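1. Quick one, structure for this:
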Amino acid sequence: MKQQHKTPSQKLLTAAVLLALAHPAFAQVATEEAARPASETSQSTENAGDDTPTVLDAVVVTGIRNSMAASANIKRDAQGIVDGIVAEDMGKFPDTNLAESLQRISGVSIDRSNGEGSTVTVRGVGPDFNLVLLNGRQMPASTIADTGASNSRAFDFANIASEAISAIEVYKTSRASTPTGGIGAAINIKTARPLDTPGTRAIVGVKGVWDTSVENLPESLQGDSVTPEVAGLYSTTFADGRFGVALTGSYQERDYGFSQVAVGNGWRTFEGDENNWGTIPQPGSPGSENIINRPGPDDIYSVPQNLGYSVNGVQRQRTNAQLVLQYAPTDRVTATLDYTYSENKIQTQRNELSVWFNFGPSESSWTDGPVAAPNFYREIIVPATSDLSMGGAMAATKNENKSLGFNVAWEVTDQLNLALDYHNSSAVSGADSPWGSSGVLGAAGFFRGTTSVDFSGDFPILNVQLPPGLNQIDPSAMQVTGSTFRNSYMRSEVEQVQLDGDFLFEDYSRLDFGVAATEVNNRSAFANVQLDTWGGATSPADYPDDVWRLDYIGNYFDQFAGHDNPNFTDAFFVWNFETVRRLAEEAWVRNGGDAADYRASDDFTTDRRVTEKSRSAYLQWSNTWDLAMPVSMAVGVRYEETQVSSSALVPAATAISWGSANELSIIQEGAEFTRLEGEYDYWLPSLDLAVDLSETMKLRGSYGETIGRPGWGAIQGGQTLDELVRISGGTGSQGNPDLEPLHSQNFDLSFEWYYAEGSYLSAGYFRKNIDNYIGTTQIIGTPFNLNTPVGGAYWNQALATGGCTTADVVCIRNYILNNLNGSPGVTRTGVDANGNATGTIIGQPGDPIAEFRINAPANQRSASLDGWEFNVQHLFGQSGFGLAANYTIVDSGLTYDNYLIGEQFALEGLSDSANLVAFYDKGPWQVRTAYNWRDKFLAGRFDGSGPNPNYVEAYGQLDVNVSYEVNDQLTLSAEVINLTDETRRVHGRHENQLLFATQTGPRYMLGLRYQF
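-> Numbers count the residues shown, from 1 in each chain. Next comes the predicted model:
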């Protein structure tokens, strides 16, 4: 039975009865300068063609109402379609980072990581193609993913706290003056400047965070129930307002957890009449009588490769700081020097319960076609000697961001303004543990028999038959199996200089102009130490029984129906990663192994580097006419040229080794650098028109062209083979530095009605025609001409004389190791707990050449997407009540066809979304409830088994913030995030094809803020 969720109205009712205290706003002053985001020029209020918000004086925001009114003014006064949030909005949302605030803007959706906003999608365009600026400057981005350095350009908003931010501007239409890179939007994050708010201010805030998810973990994974957050701001001016200093800082700790069930290695998809390894028996063949509602010959169906349940404990420490120095020697010159720093440390420990399917004899029941999925899938394992895996992992990373910038704004004359801006910024991500960025230990007991999974509900139910006489999993049979210790590193640096200016003509039209040079250096490196001893690396006797602590994993999925199903085999062992790693290393060394096999390596075997140099120039002319109605226009063109150079150090493969039943690995020796280059240039026109239909109504139309540069992984050179090879072959990847960027033609039309102060209605239509979409093509090749033992001479001898079948790889391995030990490439090392021979079998000359499916990026095709944005914001007079609501519709004809097998192209990230914010702001009390919803969307086109869709199911979250102002200095606060404890789920071609489902939990915060 599917899990039942509360309706939005039920959630809002729950929020309405929450009684708590107030949330602080640290940055209460927002200055909306008349300057394009690429500079900090100081413009004149008379500039009729100004193309950004014209609120030039400091806007002191002291409450929700005023903050929303200021946001409405940003939208109303902008040239083009711009949405914004000023500081009080961030302070009043219960947001852990800026992404949580951005999702309140129409057309903006976020991707969450561990319950926090991480990256943003705007108007259906994914995170890689939305440009994030800090005070008009292009920011670098680096992230360590689960298995290596990220290849994404996407900025991770989880690295930045919101305390120092004065405003965010989201530019949805393109203009010549806006830096390129944002097809969905350019997002400019603005920080406070001391000269904008003369005088001295000092603010300090403290907060206690109770994340309930930390208590839904085994005791060994739990962190602190309550963690601290501390933030402060100091700003002052002196020497008659000529000098200014601003210092902000924050430190946050957060301990939390999440439980996840996943088919992490994906689903193998077959045609109904296909007869291959992994397929279910054909009608009339042995075993076919055990198939209920078998998919027809014209149907397709998918079989799971594995199933795993995990509990994860996470500790995060985030530090942010910014120093701003300003000097205005005259009324016409302002110099600004700023330094921004952030550090985000994350440590994760995991224990899991998992099973692997080897596609032996099976029983199953299926949904109706044409896309069929299992209601249940059972693999017959007799005797019960397969591995019941209870592995664990530790990941520890540190993300560090630094930015040093200098800006001089010079009002040369009453007509001419110039601004010079320079910055050097870096983002570095790497390991924060002696065991690398990620260490994984396989641990198992070889007592698994027939295994079945019920996939008919949101939560899959695992059932495992133990050997006769064994009623419970046995700690004395547990041992470490395979292991991997990864060391990933990513560094991105941006050095940028921009010269911008504008000239006001006598007729009050204006010419904006500018040139810029940007150099981005990106490096991602990777080292991996792996033991493919999945049949057992040591012996159960090497581990005391009390190392393995019995627990029941179903207890940690209490938000999913079925977690307490009596048929659920949920007993598993929880263990400490560092303790078991030490014991495994000691046992390995006693048996003649190298201790380095259980430690991460600093010797990178893969090292990819990209240098991207861009030059740009733009002209933009703007004017306003009073015809039958006031009309304003801005027309411009931007020129961009980019050179890409990529060098890559990749390992050279020399052989294939067969180390366990159905897993082979590549033997690698040596590495060398290769170098590739590419270049492109574009002319990008833009046009903005606005007509004031009346004093309260405005009609806008815009056209512009933008580009979005390919992700780093797509343009990195070098070909890499994945170390793990299956019986059916291997996989790998390579980059293409000569890729063209995405090129988009953008059309916008909107109507806005500002019917009262702070209140408005708007409706807008947008369309994007995008060329050069980057897809992944799969090349079947034989790199390095590696011989595989699969189908080789030894293999065929086992079939001919050993009585083995091609499906019984255990029989084939036993025959070769027991009868051909000592032959070239055959090394028998012993016997595992199940009596199976252990050792390695290396492919020999004359054996078949292994085929690899190499994924490579390519500019494949064009696509269009369009949509509507609807907004309403209403302040109910002086009652203190107000609301804001928006709904976004995004559509494209290029959707994923679940019936087609193989690679296909479809637009990712497209979904409808909605927001509803209701608030009360009067007297000392302020209350805000915010509900955000995002519809189902395609998040990826590959899973762990190959080309398969990843659908994120519809998700809604309710957050509440209540505050009480004790006096002018002291404010108390309380807030809750994910009040109704929503879960997240991702599936494949059918809802029964779970990819993963995650449970986190509500997060509660109490705090105070004091202003001196």
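2. Need phi/psi at Y171.
-> Note on Y171: its backbone torsions stand at phi -90, psi 110 [degrees, to the nearest 10].
3. Provide the partner residues of the closest residue to it other than its chain neighbours in its beta bridges.
-> Distance criterion C-beta to C-beta, 6 or more residues apart in numbering; nearest residue to Y171, sequence neighbours excluded, is A186 at 4.4 Å. (C-beta placed from N, C-alpha, C; glycine too.) Here A186 sits in beta bridges with L131, Y171, going by DSSP bridges.
4. Equivalent analysis for F673, please.
-> Applying DSSP bridges to F673 yields these beta-bridge partners: L649.
5. Next: D866.
-> R767, D891.
6. Give the burial count for the residue nearest to Y171, as a bare number.
-> Burial measure for A186: 28 neighbouring residues, criterion other C-beta atoms under 10 Å.
7. quick one: A587 and P540 touch, right?
-> No. No contact is recorded between A587 and P540 when judged using C-beta atoms under 8 Å, the distance being 10.3 Å.
8. give the contact list for N662.
-> Remark: with contacts taken as C-beta atoms under 8 Å, 6 or more residues apart in numbering, N662 is in contact with 358, 726-727, 809.
9. Can you check the pLDDT for it?
-> Here, the pLDDT recorded for N662 equals 73.
10. A15 now?
-> Per-residue confidence at A15 stands at 35 (pLDDT).
11. shouldn't E740 be in contact with P857?
-> No. Using C-beta under 8 Å, E740 and P857 do not qualify as a contacting pair, with a distance of 11.0 Å.
12. Those two: which is more packed in?
-> Between E740 and P857, counted using other C-beta under 10 Å, P857 has the larger neighbour count: 21 against 15.
13. Now tell me which helix or strand of the chain has the poorest mean pLDDT.
-> Considering only helices and strands, the least confidently modelled element of the chain by mean pLDDT, DSSP states H and E is strand 29-31, at a mean of 31.
14. which residues in the stretch 251-400 of the chain form strands?
-> Along the stretch 251-400 of the chain, counting by DSSP state E, counting those that start in this stretch, strands occupy 267-271, 291-292, 300-304, 306-330, 333-356, 362-366, 371-372, 374-379, 386-389, 392-411.
15. The ones you listed: which one's closest to T983?
-> strand 306-330 (14.0 Å; C-beta to C-beta).
16. Parallel or antiparallel, which strands does the closest one pair with?
-> Counting by DSSP bridges, the strands paired with strand 306-330 are strand 243-262 (antiparallel), strand 333-356 (antiparallel).
17. from those strands, which stretch is densest packed?
-> Ranked by mean neighbour count under mean count of other C-beta atoms under 10 Å, these are led by strand 243-262, which reaches a mean of 22.
18. gap between that one and the chain center?
-> Distance of strand 243-262 from the chain centroid (C-alpha atoms, centre = their mean, to the nearest Å) equals 17 Å.
19. any weak-confidence spans in this protein?
-> Judged against pLDDT under 70, the low-scoring parts of the chain cover residues 1-62, 88-97, 145-150.
20. all helices for it, in order.
-> Counting by DSSP state H, one finds helices in the chain at the ranges 8-16, 64-77, 87-92, 98-102, 577-590, 712-715, 793-801, 809-819.
21. Packed most tightly, which of the ones you listed would that be?
-> Among the helices of the chain, ranked by average contacts under mean count of other C-beta under 10 Å, first place goes to helix 87-92 (a mean of 27).
22. circling back: so the residue nearest to Y171 is in contact with I168, correct?
-> No. When contacts are counted by C-beta under 8 Å, A186 is not listed as touching I168 (11.2 Å).
23. which of the contacts of N662 count as buried?
-> With burial judged by 16 or more other C-beta atoms under 10 Å, the buried subset of the contacts of N662 is 358, 727, 809.
24. quick one, phi psi at the first one?
-> Read that as N358. The phi/psi pair for N358 (degrees, to the nearest 10) reads phi -100, psi 0.
25. Quick check: chain neighbours aside, which residue is closest to it?
-> Using C-beta to C-beta, 6+ apart, the nearest residue to N358 is N662, at 5.8 Å.
26. Give me the phi and psi for the one you found.
-> Taking degrees, to the nearest 10 as the convention, N662 sits at phi -120, psi 30.
27. From Q465, how far out is it?
-> In this structure, N662 and Q465 are 21 Å apart, going by C-beta to C-beta, to the nearest Å.
28. And for Q993?
-> Distance of Q993 to Q465, computed by C-beta to C-beta: 24 Å.
29. Between these two, which is the more surrounded one?
-> More crowded of Q993 and Q465, by other C-beta under 10 Å: Q993, with 28 against 18.
30. Verify the stated contact: that one with V263.
-> Yes. In this structure, Q993 is within contact of V263 by C-beta under 8 Å, at 7.5 Å.
31. Out of the contacts of N662, which is nearest to N736?
-> Nearest to N736 among those, with distances taken as C-beta to C-beta, is R726, at 25.7 Å.
32. Just to check, that closest one is in contact with E663?
-> Yes. Under the criterion of C-beta under 8 Å, R726 is in contact with E663, at a separation of 7.1 Å.
33. want to throw the strands paired with strand 306-330 into JSON lines with distance to S220?
-> Listed next are the strands paired with strand 306-330 as JSON lines, based on distance: least, C-beta to C-beta, whole Å:
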{"stretch": "strand 243-262", "distance to S220": "12"}
{"stretch": "strand 333-356", "distance to S220": "8"}
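34. Many thanks, have a good one.
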